[in-house]
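> this one's structure only:
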């Protein structure tokens, strides 16, 4: 979804995002928030305001923050354990 918004932002960054797309995006972002709930980055991860009608560029910025937080999560909890690449979650 991030890639789709990023491509759209190149063409029409100021275009309004429909309410139905915002609902779908927030559903996805909420799931990511659940995974990242105990991480420090959670305080910087906002959901999209469905009543505000954000622009494509705003949505792209929000998604980029989530992507960065997910990369940090993977870097922190995924790596070589001596035999294979694996997750080390407690």
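Received the coordinates, thanks. If you're wondering where the values come from, they're calculated on a predicted model, not measured in any experiment.
> Check the residue most central in space within the chain and give its pLDDT.
For the chain, residue 66 is the residue whose C-alpha lies nearest the centre (C-alpha atoms, centre = their mean; 2.9 Å). Note for residue 66: predicted pLDDT of 98.
> Kindly report the same for residue 52.
So residue 52 comes in at 89 (pLDDT).
> didn't residue 54 look like it was pressed against residue 15?
No - using C-beta atoms under 8 Å, residue 54 is not in contact with residue 15, being 10.2 Å away. In this view, the C-beta of every residue, glycine as well, is placed from N, C-alpha and C.
> which of the two has more neighbours?
Ranked by neighbour count (other C-beta atoms under 10 Å), residue 54 and residue 15 place residue 54 first, with 17 against 13.
> and the residue nearest to residue 15 when sequence neighbours are not counted, what is it in contact with?
Leaving out its chain neighbours, the residue that sits closest to residue 15 by C-beta to C-beta, 6 or more residues apart in numbering is residue 56, at 5.0 Å. Residues counted as contacts of residue 56 (C-beta atoms under 8 Å, 6 or more residues apart in numbering) are 5, 8-9, 12-17.
> how does it look with 7 Å?
Contacts for residue 56 (C-beta atoms under 7 Å, 6 or more residues apart in numbering) come out as 5, 8-9, 12-13, 15, 17.
> okay if I get those as a markdown table plus distance to residue 86, secondary structure and pLDDT?
Shown next, in a markdown table, are those (distance: C-beta to C-beta, whole Å; DSSP: H, G, I helix; E, B strand; the rest coil; pLDDT from 0 to 100):
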| residue | distance to residue 86 | secondary structure | pLDDT |
| --- | --- | --- | --- |
| 5 | 31 | helix | 94 |
| 8 | 36 | helix | 92 |
| 9 | 35 | helix | 94 |
| 12 | 42 | coil | 94 |
| 13 | 40 | coil | 92 |
| 15 | 42 | coil | 95 |
| 17 | 38 | coil | 94 |
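> Distance of residue 75 relative to residue 23?
Distance of residue 75 to residue 23, computed by C-beta to C-beta, to the nearest Å: 31 Å.
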